[in-house]
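In: Below are the sequence and a predicted model for it; my questions follow.
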Amino acid sequence: MKSQIMIRVKRKRIAQLVSLGKRLDGRGPTDYREIQLEMGVVGRAEGSARVRLGKTEVMVGTKIELGEPFSDVPDQGVLTVNAELVPLASPTFEPGPPNEHSIELARVVDRGIRESKTIALEELCVEPGKKVFIVFIDVYVLNHDGNLIDASTLAALAALLNTKMSNYEVKEGEIELKPGYILLPVKNYPIAVTLAKINDNLIVDPWLEEEQVMDARITITTEKDGKICAVQKGGSGCFTTQQVLEAAKIAKEKAEELRKLLVKG
Amino acid sequence: MLNMSQKKPEKMIEDNGVRLDGRGPKDLRPIKIEVDVLSNADGSAYIEQGKNKILAAVYGPNEAHPKHLAIPDRALLRCRYHMAPFSVEERKSPAPSRREVELSKVITEALEPAVFVEYYPRTSIDTFIEVLQADGGTRCAAITVASLALADAGIPMRGLVAACAAGKVEGRLVLDLTDIEDKGGEADLPLAWMPNLNAITLLQMDGSLTTDEFEQVVNMAVEGCKQVYGLQKEALKAKYVAVKGEVEE
């Protein structure tokens, strides 16, 4: 009850600022918060990364295991994305099975990586129809201060980029490990950019206070060549067609900026 | 059994733009809508769009359960999108999948802008959507039919929500993709549209589109939604014409 009233009070102030092209934390409408990116933060994982987006903190670990392919694509490896909204990350997160928020987060991250064909899944086939590698991407939200989708997609991509798998050889359908490691075949760099709509204004990278008062959000994931590979609208408001196209334009530009964080490192 | 397990054909669109089911690129599948089909629900509707068959029922506004979910200044709108185990080729477990959980969330968010939730604080309005047979584009057909069920339940609304997907198949931009076209195509973009607000209330996309194509596909989907909206209005009116007929008898 208290929070409902606080949100109404905050909304007035935030909406007023946004209509003037300003924000509560001093950013401009299309500015991201400061981004810190660390790779290889968990040695036990095949690949890992931690992203700090302002105070939002997300860790992603990848694991690779042998398993069975899906029957409709017998000659391809399997990609699985899971997201945990860990209770230590926010007073609103509760322990228990994944809820609609964590499932949506995982599925939007998944869509960006899958549709852009980031992982060359056809190279992860050991024996068609029988044995393939399964890539598990586990998104672990450690501190929630808004815009989990962008932070998680960035961390997932960073983790994939440093994912090492054991070098192997296939002899008569059996896997034989060889010394050394090979890198996971990563072919694309999908970047998710989320914009929030408050009244009729769009702002990039909403933090928690803005998320709480926004009408709706839209996430647009673009590939390295600027093509759009995934879109997700969220929140109980609506967008005009113009706003959607404007968001797509901004997302493409911002994605190019963010991609530089990964391509140079 | 209806044989839907067609293997992916070599070509899904002929050079002259004719699709597997005989439609042109900008054609909707045949749509049949009926309002007020279930006696127990406060509102209900049924849609057939191509091979899709979907039922929706609305219960509410009722006292919200569990109580802690009640919102002090508005109604809690809940939608459950669920697929029958026999609705798809391989039996689907009746337990809600992650896909269904996500779709339930985005469908709720697509309908919420249409409902005056502030009229019924502390209550819940529950919409149950059952996909009886699926052939691509079920989330859109579900929104179309659920918004009619809400209207049929007498819930005050800013307008109906119509939904339709558009996408790219074999290099061509097409409207209202079937399952085969969705799986074999390059991109699918489901969109929900509220004609009264001139606004998009659901937008998702997967695949690969340039910014120009994205704009064209969004516009195409909006045009599709406008056609769906016409059919929605007809179906809603038909219900009252039927009632009028009964009274005059």
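Out: It's in. Predicted model, so just to flag it, every value in this text is computed and none were measured.
In: Across the sheet, point out what pairs with residue A:204.
Out: Counting by DSSP bridges, residue A:204 forms beta bridges with residue A:195.
In: any idea how far chain A is from residue B:95?
Out: Separation of residue B:95 from chain A (Cβ to the nearest Cβ, to the nearest Å): 12 Å. All C-beta spots, glycine's among them, are computed from the backbone N, C-alpha and C.
In: Could you pull up the residues touching that residue?
Out: Residue B:95 sits next to no residue when contact means Cβ atoms under 8 Å, 6 or more residues apart in numbering or on different chains.
In: What helix or strand is residue B:218 located in?
Out: helix B:211-248 (DSSP states H and E).
In: Oops, could you answer that again for residue A:210 instead?
Out: helix A:208-213.
In: So that helix, near chain B or not?
Out: No. Counting by Cβ under 8 Å from any Cβ of the partner chain, chain B has no neighbours in helix A:208-213; the shortest distance is 13.9 Å.
In: Pull the CA coordinates from that helix and hand them back as CSV.
Out: Output of helix A:208-213 as CSV, limited to C-alpha atoms (Å, rounded to 0.1, in the frame of the first residue of the first chain):
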residue,chain,number,x,y,z
LEU,A,208,14.3,0.9,-10.9
GLU,A,209,12.6,4.2,-10.0
GLU,A,210,11.8,4.8,-13.7
GLU,A,211,10.6,1.2,-14.2
GLN,A,212,8.2,1.5,-11.3
VAL,A,213,6.5,4.5,-12.8
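In: which outside residues touch it?
Out: A:7, A:10-11, A:14-15, A:23-24, A:144-147, A:196, A:198, A:203, A:217.
In: Filter those residues down to the buried ones, ChimeraX style.
Out: To isolate in ChimeraX the members of the contacts of helix A:208-213 that are buried, counting by 16 or more other Cβ atoms under 10 Å in any protein chain shown, one can use:
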select /A:10,11,14,15,23,144,145,146,147,196,198,203,217
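In: so which two of the contacts of helix A:208-213 are the farthest from each other?
Out: Farthest-apart pair in the contacts of helix A:208-213 is A:15 and A:144; separation 22.2 Å (Cβ to Cβ).
In: Can you tell me which helices and strands the helix or strand following the helix holding residue A:210 packs against?
Out: Using DSSP H and E, the next helix or strand after helix A:208-213 towards the C-terminus is strand A:216-222. Contacts defined by 3 or more Cβ pairs under 8 Å, 6 or more residues apart in numbering or on different chains; DSSP states H and E place strand A:216-222 against helix A:100-115, helix A:148-161, strand A:191-198, strand A:228-234, helix A:241-264.
In: go again using 7 Å as the cut-off
Out: strand A:191-198, strand A:228-234, helix A:241-264 (3 or more Cβ pairs under 7 Å, 6 or more residues apart in numbering or on different chains; DSSP states H and E).
In: partner strands of it, parallel or antiparallel?
Out: If you go by DSSP bridges, strand A:216-222 pairs up with strand A:191-198 (antiparallel), strand A:228-234 (antiparallel).
In: Output these in TSV, with mean pLDDT appended to each entry.
Out: What follows is those, written out as TSV (pLDDT from 0 to 100):
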stretch	mean pLDDT
strand A:191-198	98
strand A:228-234	98
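In: what does the average pLDDT come to for the helix holding residue B:218?
Out: Averaging pLDDT along helix B:211-248 gives 94.
In: From chain A, how far out is residue B:75?
Out: On the measure of Cβ to the nearest Cβ, residue B:75 and chain A end up 12 Å apart.
In: For burial, what's the neighbour tally of the closest residue in space to that residue that isn't next to it in sequence?
Out: Leaving out its chain neighbours, the residue that sits closest to residue B:75 by Cβ to Cβ, 6 or more residues apart in numbering or on different chains is residue B:120, at 4.0 Å. Other residues within reach of residue B:120, judged by other Cβ atoms under 10 Å in any protein chain shown, total 21.
In: looking at it, residue B:120 is touching residue B:76, isn't it?
Out: No. Between residue B:120 and residue B:76 there is no contact, the gap being 9.2 Å when judged by Cβ atoms under 7 Å.
In: on that earlier part again, could you point out which of the helices and strands packed on strand A:216-222 sits nearest residue B:58?
Out: strand A:228-234 (22.7 Å).
In: send the alpha carbons of that closest one over as PDB?
Out: The C-alpha coordinates for strand A:228-234 follow below in PDB (Å, rounded to 0.1, in the frame of the first residue of the first chain):
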ATOM      1  CA  ILE A 228      16.700  -6.500 -35.600                       C
ATOM      2  CA  CYS A 229      16.500 -10.000 -34.300                       C
ATOM      3  CA  ALA A 230      14.100  -9.800 -31.300                       C
ATOM      4  CA  VAL A 231      11.500  -7.400 -29.900                       C
ATOM      5  CA  GLN A 232       9.500  -7.500 -26.700                       C
ATOM      6  CA  LYS A 233       7.000  -5.000 -25.400                       C
ATOM      7  CA  GLY A 234       6.300  -5.200 -21.700                       C
END
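In: Now do that strand against helix A:100-115, angle only.
Out: With axes from the mean of the first three to the mean of the last three Cα atoms, to 10 degrees applied, the angle from strand A:228-234 to helix A:100-115 works out at 170 degrees.
In: Give me the contact list for strand A:228-234.
Out: For strand A:228-234, the external contacting residues (Cβ atoms under 7 Å, 6 or more residues apart in numbering or on different chains) are A:108, A:111-112, A:115-116, A:190, A:216-223, A:239, A:248, B:109, B:202-209, B:211, B:214.
In: so what's residue 106 up against?
Out: Reading this off chain A. When contacts are counted by Cβ under 7 Å, 6+ apart, residue A:106 is found next to A:81, A:82, A:83, A:139.
In: was after chain B, sorry
Out: Counting by Cβ under 7 Å, 6+ apart, residue B:106 makes contact with B:202, B:204.
In: Next, format the strands paired with strand A:216-222 as a markdown table and append distance to residue B:62.
Out: Below are the strands paired with strand A:216-222 laid out as a markdown table (distance: least, Cβ to Cβ, whole Å):
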| stretch | distance to residue B:62 |
| --- | --- |
| strand A:191-198 | 31 |
| strand A:228-234 | 26 |
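In: which bits of chain B sit near chain A?
Out: B:72-73, B:98, B:101-102, B:104-105, B:109, B:112-113, B:194, B:197-211, B:214-215, B:218, B:222 (Cβ under 7 Å from any Cβ of the partner chain).
In: Which of the contacts of residue A:106 are buried, as a PyMOL select command?
Out: To isolate the buried members of the contacts of residue A:106 in PyMOL, using 16+ other Cβ under 10 Å:
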select buried, chain A and resi 81+82+83+139
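In: Helices - which of the contacts of residue A:106 land there?
Out: Judged by DSSP state H, helices contain none of the contacts of residue A:106.
In: want to throw the contacts of residue A:106 into CSV with distance to residue A:167?
Out: Shown next, in CSV, are the contacts of residue A:106 (distance: Cβ to Cβ, whole Å):
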residue, distance to residue A:167
A:81, 25
A:82, 27
A:83, 30
A:139, 27
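In: pLDDT for the contacts of residue A:106 - can I get that in a markdown table?
Out: Listed next are the contacts of residue A:106 as a markdown table, based on pLDDT from 0 to 100:
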| residue | pLDDT |
| --- | --- |
| A:81 | 98 |
| A:82 | 98 |
| A:83 | 98 |
| A:139 | 98 |
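In: contacts with chain B among the contacts of residue A:106, please.
Out: Restricting the contacts of residue A:106 to those near chain B - Cβ under 7 Å from any Cβ - leaves none.
In: Pick out whichever of the contacts of residue A:106 sits closest to residue A:100.
Out: Checking the contacts of residue A:106 one by one against residue A:100 (Cβ to Cβ), the nearest turns out to be residue A:83, at 11.5 Å.
In: Where does the prediction get shaky in the stretch 151-265 of chain A?
Out: By pLDDT under 70, the low-scoring segments of the stretch 151-265 of chain A are A:264-265.
In: okay, residue 33: pLDDT?
Out: No chain was given, so I picked chain A. For residue A:33, the model assigns a pLDDT of 98.
In: switch to chain B, that's the one I care about
Out: With respect to pLDDT, residue B:33 has a value of 98.
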